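> for reference, the sequence and a predicted model appear below.
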Amino acid sequence: MKKVLITGALGQIGTELVVAMRRTYGTANIIASDIQPSPPAGALAEGPYAVVDVTAPEKIAAVVQRYGINQIIHLAAILSATGEAKPKLAWDVNMCGLFNVLEVAREAKAAVFTPSSIAAFGPGTPPDRTPQDTIQRPTTMYGVTKVGGELLCDYYFLKHGVDTRGVRFPGLISYAALPGGGTTDYAVHIYYEALKHKTYTSYIGKGTFMDMMYMPDALDAITQLMEADPDRLVHRNAFNVTAMSFDPEILAASIRKYIPEFALTYNVDPVRQGIANSWPNSLDDTAAREEWGWNPRYDLDAMTVDMLAQLKRKLGL
Ligand code: NAD
Ligand code: SER
């Protein structure tokens, strides 16, 4: 039986992953954890929760032992924009936190899922249909920790036989929880502002393409990869996955199909624009499709329809 610990469970991904996994595997088998003292009221609070700072290995080990954990989904991290403002914090949480999780997993013989990111690439990477295996010289602290994390997970598999797996997520778009300090966050905020004010000022410039994905596909990616036949996995820890690639103009045009008066303006933030410029325009995710059947369900317009409907309900509009 699966007994899963999710770290960073109160973030953008964890907020939805915990609830989805509890539906599939049973509430008592999915232990949510975060550095925050308690989950917000609602579905997430209806199940086991532990306060775990991933920079404290003994806290991770204690929860793993207490619940007999055999799988860790490690989501605790500092994202790209916050990572540039607080590089030491990003290093401590992203690198030391992952090291601690892998050490505990080795001792407990638990499998580990860790998301990498499009941030693991840099300006020297081929930007269009970026190959699975290519140049990785990121220029952000977040990206450095993501490449380091991919290698560390490979190391724990090769050296210690830990069943490590992971994907390189693109920007994730969702309505349940707000994104936590990334560069792709504009693609979430734009939907809130389109509904509330019919206008949005983008900090990412026109013509800046990045890969994106709707959260239901991201949740499927995690569970499908963790259920995949290990004999078919060649890449294991850093599968390129994507669902769509767009710039702010294309996203605005999709929103305008449903809110015709929506207006997009720009006030480009040089820090986040610089980060976005260093990332690919679009990924080639053939390896994920071939090795474990990756096949996203949502394209841009399908995502826009659902985002607007869900947010209308959430915002009481
Ligand atoms: P998030 O910022 O929304 O959530 C991160 C969570 O980690 C927060 O709840 C925070 O309280 C918690 N946390 C921070 N420091 C901690 C610590 N020391 N110990 C325990 N918990 C701590 O992030 P997310 O968007 O849910 O991302 C989860 C993972 O997915 C990260 O590894 C991130 O790099 C990766 N990822 C996310 C995206 C995206 O667009 N959301 C894209 C690519 C990769
Ligand atoms: N969405 C993330 C960020 O912008 C990508 O890893 O930081």
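Done, it's in. Predicted model only: the values in this text are computed from it and were never measured. Ligands and ions are numbered 1, 2, ... in the order given.

> helices or strands next to the helix or strand containing residue 66 in the packing?
With elements taken from DSSP states H and E, the one containing residue 66 is helix 57-67. If contacts are counted by 3 or more Cβ pairs under 8 Å, 6 or more residues apart in numbering; DSSP states H and E, helix 57-67 sits against strand 4-7, strand 30-34, helix 97-108. (Each C-beta comes from the backbone N, C-alpha and C, glycine too.)

> give the buried residues for the longest one.
For helix 97-108, the neighbour count (16 or more other Cβ atoms under 10 Å) marks 97, 98, 99, 100, 101, 102, 103, 104, 105, 108 as buried.

> what's the angle from it to helix 57-67?
Relative orientation of helix 97-108 and helix 57-67, computed by axes from the mean of the first three to the mean of the last three Cα atoms, to 10 degrees: 40 degrees.

> can you check the pLDDT for residue 41?
Here, the pLDDT recorded for residue 41 equals 89.

> again with the one 10 residues further on
Turning to residue 51, the model gives it a pLDDT of 98.

> show me what from the stretch 101-250 of the chain comes close to ligand 2.
117, 118, 119, 171, 182, 183, 184 (Cβ under 6 Å from any ligand atom).

> any chance of these in JSON lines, plus pLDDT and secondary structure?
Shown next, in JSON lines, are these (pLDDT from 0 to 100; DSSP: H, G, I helix; E, B strand; the rest coil):
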{"residue": "117", "pLDDT": "98", "secondary structure": "strand"}
{"residue": "118", "pLDDT": "98", "secondary structure": "helix"}
{"residue": "119", "pLDDT": "98", "secondary structure": "helix"}
{"residue": "171", "pLDDT": "98", "secondary structure": "strand"}
{"residue": "182", "pLDDT": "96", "secondary structure": "coil"}
{"residue": "183", "pLDDT": "98", "secondary structure": "coil"}
{"residue": "184", "pLDDT": "98", "secondary structure": "coil"}
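
> which of these are close to ligand 1?
With Cβ under 6 Å from any ligand atom as the criterion, those include 117, 171, 182, 184 near ligand 1.

> neighbour-wise, which of the residues you listed leads?
residue 117 (31 neighbours; other Cβ atoms under 10 Å).

> for beta bridges, what are the partners of it?
Bridge pairing for residue 117 (DSSP bridges) gives the partners residue 169.

> what are the neighbouring residues in contact with it?
Contact analysis of residue 117 by Cβ atoms under 8 Å, 6 or more residues apart in numbering lists 80, 142, 143, 146, 168, 169, 170.

> tell me the pLDDT at the spatially most central residue of the chain?
Nearest residue to the geometric centre of the chain (Cα atoms, centre = their mean): residue 169, 5.4 Å. What the model reports as pLDDT for residue 169 is 98.

> quick one: it and residue 120 touch, right?
No - Residue 169 lies out of contact with residue 120 (Cβ atoms under 8 Å); the separation is 10.2 Å.

> CSV for the helices and strands packed on helix 57-67, including mean pLDDT and distance to residue 64?
Converted to CSV, the helices and strands packed on helix 57-67 look like this (pLDDT from 0 to 100; distance: least, Cβ to Cβ, whole Å):
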stretch, mean pLDDT, distance to residue 64
strand 4-7, 98, 6
strand 30-34, 98, 9
helix 97-108, 98, 5
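
> perfect, that will be all.
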